[in-house]
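K.L.:
predicted model, plus sequence, below.
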Amino acid sequence: MNIGFLGAGSVARNLGKAFAAAGHEVRLSSRTPDKPDLIAWAQEAGPRAGLTSFRDAAAFGEVVIPAVQPWTVLRPLFDSIGPAVFAGKIVIDLGNAVDWSVRPPQLALPSGSLGEQVQAWLPDSRVVKTLNMIAAARMADPVYADGIPTLLLAGNDAAAKQTVTNLLKQIGWLDLIDLGDIRQSRLLESFMMTCLFAEFATKSRGTAFALLRS
């Protein structure tokens, strides 16, 4: 598949390299795609990986993954590209609307979720919420000594969720659970905060949870 990333930070680089290694065509995007570190990344990621503009990455991708910070730049970015460019495409929302200006940090949206907002901003796209509770370095090939981590997802389109599930299995996610429609993004984003505070409590980074079945 063609996978376009809006952004070229650690999330886009780690996932992009993994998807390229799995045989997909990948494009990262930046306002400065000719930066030496990005060119070096593309060379390391191989011939299936490339660099382009935000709009071209959105147009290129059958699957589009916004990977920019902070979350407040998403709406202006979508508007600058044009929501019509995203029509019919799968959009993987892996972001979190967090207010980092307060201590302790808290979710910035008093109701709803970022996943629901992305679906509302891109009404003709098929938004799938997932990966938002995982650190960038662990988003691909999640190997843990203690076992297999569980990944949650949510979205309105069953076929889109199956496609995303298949993609994630190709980069190492073996245990995925569909929680339901995009409204369940609220659960995923609250769960991210649980993971964050668990990391604070244990003074660890890159943690993940697993579901123990009876």
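P.N.:
Nice, thanks for sending it over.
K.L.:
only C-alpha atoms for contact and neighbour calcs from this point on.
P.N.:
Will do.
K.L.:
could you pull out the helices in this protein for me?
P.N.:
10-21, 36-45, 54-60, 74-81, 114-121, 158-170, 185-202 (DSSP state H).
K.L.:
tell me the contacts of the residue nearest the centre of the chain?
P.N.:
Nearest to the mean C-alpha position of the chain, by CA atoms, centre = their mean, lies Leu94 at 3.1 Å. Taking CA atoms under 8 Å, 6 or more residues apart in numbering, we find Leu94 in contact with Ile65, Pro66, Ala67, Lys129, Thr130, Leu131, Asn132.
K.L.:
just the buried members of the residues you listed?
P.N.:
Ile65, Pro66, Ala67, Lys129, Thr130, Leu131, Asn132 (16 or more other CA atoms under 10 Å).
K.L.:
and which of those is nearest to Phe5?
P.N.:
Distance to Phe5, by CA to CA, is smallest for Ile65 among the buried ones among the contacts of Leu94, at 4.8 Å.
K.L.:
that closest one and Asn2 touch, don't they?
P.N.:
No: if you go by CA atoms under 8 Å, Ile65 and Asn2 don't touch, sitting 11.1 Å apart.
K.L.:
buried set for stretch 102-109?
P.N.:
In stretch 102-109, counting by 16+ other CA under 10 Å, buried: Leu107.
K.L.:
distance from the chain centre to it, please.
P.N.:
20 Å (CA atoms, centre = their mean, to the nearest Å).
K.L.:
now that stretch: average pLDDT?
P.N.:
Averaging pLDDT along stretch 102-109 yields 93.
K.L.:
identify each buried residue in stretch 154-171, please.
P.N.:
Under 16+ other CA under 10 Å, the buried positions of stretch 154-171 are Ala154, Gly155, Asn156, Asp157, Ala160, Lys161, Val164, Thr165, Leu167, Leu168, Gln170, Ile171.
K.L.:
got a pLDDT number for the fourth one?
P.N.:
Right, the one you point to is Asp157. Value for Asp157, per-residue pLDDT: 98.
K.L.:
what pLDDT does the nearest residue to it once chain neighbours are set aside get?
P.N.:
Leaving aside its sequence neighbours, Asp157 sits nearest to Arg126 (CA to CA, 6 or more residues apart in numbering; 6.2 Å). pLDDT, Arg126: 98.
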